[in-house]
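S.K.: Sequence and computational prediction follow.
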Amino acid sequence: MNRASQSRDNGELILRLRGISKQFGAVTALEDIQLDVHAGEVVALVGDNGAGKSTLVKTLAGVHQPTAGAIEYLGKPVTLDTPGKALEMGIATVFQDLSLCENLDVVANLFLGHELNPWRLDEVQMEVRAWTLLQELAARIPSVREPIASLSGGQRQTVAIARSLLLDPQIIMLDEPTAALGVAQTAEVLNLIERVRERGHGVILISHNMEDVRAVADRIVVLRLGRNNGVFTPENTHEELVAAITGATENSVSRRSARKLETQGE
Ligand SMILES: Nc1ncnc2c1ncn2[C@@H]1O[C@H](COP(=O)(O)OP(=O)(O)OP(=O)(O)O)[C@@H](O)[C@H]1O
């Protein structure tokens with residue numbers, strides 16, 4: 001068993017954001033964001049274009065510094081100054097570009113930058129470790145000696161996710177992992193996300209696809225115009241989710257309170 005999985009209890013609060021705001025000059029990308037992520041749960045982050053999802057993920061990945069607010073990691077306040085620090089702490093991100101080397105095989109991509117022995121590439125040990133991990137994840141990769149260039153989109157996504165798992169993070173953030181995938185490949189990636197959850201990692205899933213989100217998420221956090229706009233579960237209806245994303249709830253709520261104020265004034 002590895003380092004982090006030993007210290008991971010399902011349900012344990014790993015990450016807590018309180019009042020996170022981010023300004024880019026005059027633009028407010030995030031305002032007063034609250035977010036909790038527990039071990040062994042998939043939290044979907046959804047919202048319309050410009051809602052602030054990427055900014056929030058980049059803030060947690062150590063790319064952006066918040067303008068205000070606090071980040072608690074395993075109960076302690078932390079500063080995520082750099083991507084290296086976030087990763088070292090146990091927050092991994094699989095960005096949409098996947099950052100894989102097309103001409104290298106699966107094993108080489110999995111271990112790129114963190115070879116088991118920096119002085120000598122232990123090919124056999126790396127191959128065994130690669131196979132074991134991919135089998136644990138029930139990943140459908142024909143051969144770990146296959147170059148990335150010959151893999152499907154779903155298989156590439158699988159390799160990118162598996163690579164970040166080698167560092168055994170507490171949290172893994174997936175940026176639109178099913179975008180541009182066909183039905184079967186999407187199903188494969190969704191299965192993989194379930195395996196990752198079973199291993200006790202906390203997963204933050206950014207997606208525009210409500211079907212995918214409802215299929216795997218335990219909680220669905222809606223952002224709208226840089227603010228929290230409700231936390232939902234797959235039991236909520238599609239209409240409720242869409243209303244929160246588009247702001248229809250906001251309008252009906254504000255209309256309702258406006259009516260209330262009017263009647264109180266009478
Ligand atoms: N580096 C930046 N400089 C200035 N403004 C930025 C920067 N990054 C993001 N923004 C602004 O912050 C807001 C939130 O953008 P963000 O990319 O986080 O949204 P998103 O929910 O990820 O959208 P999408 O689904 O289109 O990727 C937008 O108004 C965007 O223009």
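M.R.: Yep, it's here. Numbering: from 1, shown residues only.
S.K.: how far does stretch 131-150 stretch from start to finish?
M.R.: The first residue of stretch 131-150 is 18 Å away from its last residue (Cα to Cα, to the nearest Å).
S.K.: List the residue ranges of the stretch 1-150 of the chain that fall below the pLDDT cut-off.
M.R.: Residues of the stretch 1-150 of the chain that meet the criterion pLDDT under 70 lie in 1-8, 114-121.
S.K.: mind redoing it with 90?
M.R.: Counting by pLDDT under 90, the stretch 1-150 of the chain shows low-confidence ranges at 1-11, 96-103, 108, 110-144, 146.
S.K.: which parts of it sit against the ligand?
M.R.: Residues of the stretch 1-150 of the chain found near the ligand, taking Cβ under 6 Å from any ligand atom as the criterion, are 24, 27, 29, 47, 49-55. Just so you know, the C-beta spots here come from the backbone N, C-alpha and C atoms, and that holds for glycine as well.
S.K.: Might you specify the subset of the residues you listed located within strands?
M.R.: When DSSP state E defines the strands, the subset of these inside them is 24, 27, 29.
S.K.: From those residues, keep the buried residues only.
M.R.: Ala29 (16 or more other Cβ atoms under 10 Å).
S.K.: Which of the ones in strands among the residues of the stretch 1-150 of the chain next to the ligand sits closest to Leu167?
M.R.: Using Cβ to Cβ, Ala29 is the member of these that sits closest to Leu167, with 27.8 Å.
S.K.: how about CSV for the residues of the stretch 1-150 of the chain next to the ligand, with distance to Glu235 added?
M.R.: Below are those laid out as CSV (distance: Cβ to Cβ, whole Å):
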residue, distance to Glu235
Phe24, 36
Val27, 35
Ala29, 30
Gly47, 20
Asn49, 26
Gly50, 28
Ala51, 22
Gly52, 25
Lys53, 22
Ser54, 28
Thr55, 29
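S.K.: May I ask which two of those residues are separated the most?
M.R.: Maximum pairwise distance in these, criterion Cβ to Cβ, is 17.1 Å, between Phe24 and Gly47.
S.K.: sorry, back to before: just the buried residues from the residues of the stretch 1-150 of the chain next to the ligand, in ChimeraX please.
M.R.: To isolate the buried members of those in ChimeraX, using 16+ other Cβ under 10 Å:
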select :29,47,51,52,53,54,55
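S.K.: Which members of the residues of the stretch 1-150 of the chain next to the ligand occur in helices, if any?
M.R.: Those of these mapping onto helices are 53-55, per DSSP state H.
S.K.: I appreciate the help and will end here.
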